[in-house]
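S.K.: I'll drop the sequence and a predicted model, then ask my questions.
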Amino acid sequence: MTLLEGSVGVEDLVLLEPLEQESLIRNLQLRYEKKEIYTYIGNVLVSVNPYQQLPIYDLEFVAKYRDYTFYELKPHIYALANMAYQSLRDRDRDQCILITGESGAGKTEASKLVMSYVAAVCGKGEQVNSVKEQLLQSNPVLEAFGNAKTIRNNNSSRFGKYMDIEFDFKGFPLGGVITNYLLEKSRVVKQLEGERNFHIFYQLLAGADAQLLKALKLERDTGGYAYLNPDTSRVDGMDDDANFKVLQSAMTVIGFSDEEIRQVLEVAALVLKLGNVELINEFQANGVPASGIRDGRGVQEIGELVGLNSVELERALCSRTMETAKEKVVTTLNVIQAQYARDALAKNIYSRLFNWLVNRINESIKVGTGEKRKVMGVLDIYGFEILEDNSFEQFVINYCNEKLQQVFIEMTLKEEQEEYKREGIPWVKVEYFDNGIICNLIEHNQRGILAMLDEECLRPGVVSDSTFLAKLNQLFSKHSHYESKVTQNAQRQYDHSMGLSCFRICHYAGKVTYNVNSFIDKNNDLLFRDLSQAMWKARHPLLRSLFPEGDPKQASLKRPPTAGAQFKSSVTTLMKNLYSKNPNYIRCIKPNEHQQRGHFSFELVSVQAQYLGLLENVRVRRAGYAYRQAYGSFLERYRLLSRSTWPRWNGGDQEGVEKVLGELSMSSEELAFGKTKIFIRSPKTLFYLEEQRRLRLQQLATLIQKTYRGWRCRTHYQLMRKSQIVISSWFRGNMQKKHYRKMKASALLIQAFVRGWKARKNYRKYFRSGAALILSNFIYKSMVQKFLLGLKNDLPSPSILDKKWPSAPYKYFNTANHELQRLFHQWKCKKFRDQLSPKQVEVLREKLCASELFKGKKASYPQSVPIPFHGDYIGLQRNPKLQKLKGGEEGPILMAETVVKVNRGNAKVKAHTWTPTPQPDPEPWLVAGRISSVGSKGEFLLVSEHVIELLTKICRATLDATQMQLPVTVTEEFSVKFKEGSLTVKVIQGPGGGGTGKLSFKKKGSRCLEVTVQ
């Protein structure tokens, strides 16, 4: 059960029941799957990396968390940042926010969110905005030079960072100071498979223009540099080109000049160029192994880039000068030693460049010494690490986390004790694991592991990692938190996982086995004096300033402090800084190894929870009273559980709380009443209160629903009743109004009729008896006149083909209108006929005769209408040879054309010329014509292409001669009488239906002839 309704799981792990590692991880998993990535442990924030952008960081959320206290809303990083900022501004207490977690857990993003929130709420103004912008723009610069892609994280911080943001008395930012810890400079010369070097190298090669690359003597291809892993030159979701432009803009905003930016990029290019210096084996004249440079071009380019003598650089890389108080000895280096010297130089240049960048940023954002300041520190540092092969880096990182755990426990208990004292509640000593014994094991000034390591590094004689391990075994053989192969053998214990060159420390988060190989070298962090002096001789201002010890005037034979001593000193300073401030904690957790959204690995999170000591944190928080809250807030939430305080309470808040808890019969051992807060020991008691509140809310909800339903029904009834009365009154009034209007209309009608009757009776003598008829006739004539005049102005065209005629305006004009239309058409036809010549009249009469004979009977008639009749188709009048066809016949030739005669026997055709003349008897037309074969053989069958014209002329000639109509029959089947008998002729349509007009004849038996029309 949760404290707030609608929340997912338990929002504050202090209230978790049962308090076990498994239930804690299950609660985190439940919330993570619902995209609730934040959970509290008291005022400690646990953040699980979602690996996606969530819509919970916009200005709306900034405004929301700005207006509420820590526990009033869901867990959020803004709530912790707001609590820290308000405590700094209103209570004048310096704050620090400690962000811890392993690589990929989201520490860098968490620190960005804290800074962005503080920047959003800490006021506005030109100067304030400038300071905020500089503080925010320091992130892209430090990320470019201090972050890299690792197997676990695409943007992993490879250094620890502590930033003090300084504010004035109003809470406005003034500036800040950045401190960096333990940059992983070994990454400069070597990366694991699947990892990248620092981002700046890839951003420089991808984002610099061709002119800049040429000036830096670089090529864009990352595969051409030995210090860059070519297999992972690109990272998904990361645009190196765009990030380089962001870097340049950020450096400009911070205050870097163009010359400083150029010098920084030149030093970065120098590191890349050093990796391409290839060393080879050589031998001196006496046979002693030496080394040399294969291709001097690379060294020459480095010299040109930074103003350095290439001969001196080559000599510094391949030899070493040993100087004592009395003499100098120059020794040559073999290839392995020279490669070590080259890589050490590259690592030192980059490490010192990074430190210079941090100091340069501090110069821009620092605050004047005369102002009174409030400070908020943000610590983004590596979390506890247990790898398969743990070396010096993991040792110092875990040492730092031991110190942070010690700070957390001591300051948490101190804060608890102070609150108990402030509230007047007796403090009971809390039993907890004090990791001070582990811290002393590592950092003790005379007998600590770091002291032994420094002693071994400074001891004359043969020194190695093995002698260092032997000294540890001798010194800590009986220490309860130290193990090695030697101590296990002495105690007759067997552990196959413990190597001969390893030792193990039982940290607060678990046992870690360290391999001592290279401990001595990494702690010494040696850079040969020849290389320092060579760098100081460069004419490059920035590079020269990075190696002040190379100045012969400042030369010192004193050995520089070791890496371990420097880190221990930094951690000591950091702890003092943290103890002076009020701490706020953000524990970052990585949910899976593959950076997949929505995937939660139970085993991986369990290991991280153990490293971060989450369960230990909860136990410390629950050592006394698990829950505490101000009386006013507690009473506001739970006053509904008592009849004395519900629905209103007029007394004091503490008295009201006592009333509520007294009526619930709570055990006195579970409660403690402070001065301003109520303390509850067990989460079960709080859950019981929540359950009672939930039941009471259900009862009140039922009561409210019942009351509301009753009120709603009464209101509805009253509204219905009121509406019914209104409707009835309106209905009755409307009915009376309608009845009145009807009676009024009837009275007016009667009055009108009466007045009309009286008027007609009194004045009838003044009217003529036929006035109505005269008026109607006049109106009718006016309408007829208007119609005829209108028709005159709207007559259609005189063309006989124009059938248009205006319609009558009134129905009783329809008959007259149709008659006028007919008369007009006849007039148009007469006018047309009067214009025709006698020859045109004759042609039209022939066409009229053809229409009477064939219209609607013969299929080819419509096509013949526009074709004029010629009569003479063979040129009879112009050809004297054809005149003999007339013989002795007198009179005109009706038609002369070539016809086809069908043979009676075989249906073959033969062309003949036919010239019919008018005859007084119609019968001879059947045999007329000068065809020599006509005799007593009976009828003959002719085929003509102008049959319509032929028959038309014959019919007209017959009618003119005999005054009788020649009968013409159009049919598809007819009988022809020959001498041998009758022959049936059938005319059929051919299958093609092409309309060519060609005829084919085929005899079917002895009595049938088929004529096919194609």
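M.R.: Yes, it's here. All values derive from a computational prediction rather than experimental measurement.
S.K.: Please state the offset of whichever helix in the chain runs longest from the chain centre?
M.R.: As assigned by DSSP state H, the longest helix anywhere in the chain is helix 683-763. With CA atoms, centre = their mean, to the nearest Å as the basis, helix 683-763 stands 54 Å off its chain's centre.
S.K.: before we move on, what about stretch 247-265?
M.R.: Stretch 247-265 has its C-alpha centroid displaced from the chain centroid by 34 Å (CA atoms, centre = their mean).
S.K.: Could you number the chain from 25 rather than 1 from now on?
M.R.: In the new numbering, first residue 25, that becomes stretch 271-289.
S.K.: From one end of it to the other, what's the distance?
M.R.: This stretch, stretch 271-289, spans 11 Å end to end (CA to CA, to the nearest Å).
S.K.: Okay, and the nearest residue to Arg113 once chain neighbours are set aside sits in which element?
M.R.: Closest residue in space to Arg113, ignoring its immediate chain neighbours: Gly195 at 3.7 Å, by CB to CB, 6 or more residues apart in numbering. In short, each C-beta sits where N, CA and C put it, glycine included. Assigned by DSSP states H and E, Gly195 belongs to neither a helix nor a strand.
S.K.: Next up, the contacts around Gly195.
M.R.: Tyr109, Leu112, Arg113, Cys146, Gly147, Lys398 (CB atoms under 8 Å, 6 or more residues apart in numbering).
S.K.: For it, give me phi and psi.
M.R.: Comment: the main-chain dihedrals of Gly195 come out as phi 90, psi 10, following degrees, to the nearest 10.
S.K.: gap between it and Val152?
M.R.: Here Gly195 is placed at a distance of 10 Å from Val152 (CB to CB, to the nearest Å).
S.K.: Show me what secondary structure element comes after the longest helix of the chain.
M.R.: Per DSSP H and E, the first helix or strand lying C-terminal to helix 707-787 is helix 795-817.
S.K.: how far away is the residue nearest to Arg113 from Asn106?
M.R.: In this structure, Gly195 and Asn106 are separated by 12 Å, where distance is defined by CB to CB.
S.K.: what's the neighbour count on Leu54?
M.R.: The number of residues packed near Leu54 is 14, by other CB atoms under 10 Å.
S.K.: Give me the nearest residue to it, chain neighbours excluded.
M.R.: Once its chain neighbours are removed from consideration, Leu54 has its nearest residue in Gly33; the separation is 4.3 Å (CB to CB, 6+ apart).
S.K.: what's near enough to touch the closest residue to Gly698 other than its chain neighbours?
M.R.: Nearest residue to Gly698 in three dimensions, chain neighbours excluded: Glu447, at 2.8 Å (CB to CB, 6+ apart). With contact taken as CB under 8 Å, 6+ apart, Glu447 is in contact with Gly698, Lys699, Thr700, Lys701, Phe703.
S.K.: got a winner among those residues for most neighbours?
M.R.: That'd be Lys701 among the contacts of Glu447, by other CB under 10 Å, with 22 neighbours.
S.K.: That one contacts Gly656, correct?
M.R.: No: under the criterion of CB atoms under 8 Å, Lys701 lies out of contact with Gly656, with a separation of 9.9 Å.
S.K.: Phe998 is in what secondary structure piece?
M.R.: Secondary structure from DSSP H and E places Phe998 in strand 997-1001.
S.K.: Tabulate the CA atom coordinates of that strand in CSV.
M.R.: Taking Å, rounded to 0.1, in the frame of the first residue of the first chain, the C-alpha atoms of strand 997-1001 are listed here in CSV:
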residue,chain,number,x,y,z
GLU,A,997,-38.2,-12.3,-101.0
PHE,A,998,-40.1,-12.4,-104.3
SER,A,999,-40.8,-14.8,-107.2
VAL,A,1000,-39.6,-14.4,-110.9
LYS,A,1001,-41.4,-16.3,-113.7
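S.K.: Low-confidence regions, the stretch 825-974 of the chain specifically.
M.R.: Within the stretch 825-974 of the chain, the segments meeting pLDDT under 70 span 908-915, 928-933, 935-939, 941-962.
S.K.: what about Leu812, how many neighbours?
M.R.: Here the neighbour count serves as a burial measure; for Leu812 (other CB under 10 Å) it reads 12.
S.K.: Which positions in the helix or strand in which Ala365 is found come out as buried?
M.R.: Taking DSSP H and E as the definition, one finds Ala365 inside helix 359-389. Buried residues in helix 359-389, counted by 16 or more other CB atoms under 10 Å: 359, 361-378, 380-382, 384-386, 388-389.
S.K.: Check stretch 645-655 too.
M.R.: Neighbour counts using 16+ other CB under 10 Å place Arg645, Arg646, Ala647, Gly648, Tyr649, Ala650, Tyr651, Arg652, Gln653, Tyr655 of stretch 645-655 among the buried residues.
S.K.: In the residues you listed, find the pair that's most separated.
M.R.: Farthest apart among the buried residues of stretch 645-655 by CB to CB are Ala647 and Tyr655. That separation is 23.0 Å.
S.K.: show me where the stretch 75-224 of the chain has strands.
M.R.: With DSSP state E, counting those that start in this stretch as the criterion, the stretch 75-224 of the chain has strands at 119-124, 171-172, 180-181, 184-191, 197-205.
S.K.: nope, the stretch 475-624 of the chain is what I meant
M.R.: 506-508, 526-531, 534-539, 606-613.
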